[in-house]
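Trainee: this one's sequence-less:
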């Protein structure tokens with residue numbers, strides 16, 4: 001816990017730089033690791049990261065207008081049905 005706990009103390013610009021290299025599934029996975037990371041990754045200020053990851057992934061169908069990027073990525077990549 002010690003080293004990993006200190007990771008959440010990094011400045012936001014460092015986090016955004018790291019997150020910008022992740023693919024959509026990795027963003028989804030990291031959002032499920034801790035409450036602090038979920039808050040960061042799911043915040044409105046992180047919306048651009050989801051969009052970058054989605055647009056950088058070749059072959060994805062267009063996102064429906066009624067879903068945001070995290071919802072769309074969850075629908076595409078999660079193994080569980082959320083009806």
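Mentor: Now that the structure is in, tell me what you want to look at. Keep in mind that what you see is a predicted model, and the values were worked out from it rather than measured.

Trainee: now residue 67, what's its secondary structure?
Mentor: The three-state assignment at residue 67 reads coil, by DSSP: H, G, I helix; E, B strand; the rest coil.

Trainee: hey, where'd the helices end up in the protein?
Mentor: Counting by DSSP state H, residue ranges of the helices within the chain are 2-7, 12-19, 24-30, 35-42, 47-56, 69-77.

Trainee: would CSV of those with mean neighbour count be doable?
Mentor: C-betas here are computed from N, CA, C, even on glycine. CSV is the format used below for those (neighbours: other CB atoms under 10 Å):
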stretch, mean neighbour count
helix 2-7, 9
helix 12-19, 13
helix 24-30, 17
helix 35-42, 14
helix 47-56, 17
helix 69-77, 17
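
Trainee: could the ones you listed be laid out in TSV, adding mean pLDDT and distance to residue 63?
Mentor: Rendered in TSV, the data for the helices of the chain read as follows (pLDDT from 0 to 100; distance: least, CB to CB, whole Å):
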stretch	mean pLDDT	distance to residue 63
helix 2-7	68	30
helix 12-19	90	19
helix 24-30	94	11
helix 35-42	91	16
helix 47-56	94	7
helix 69-77	92	5
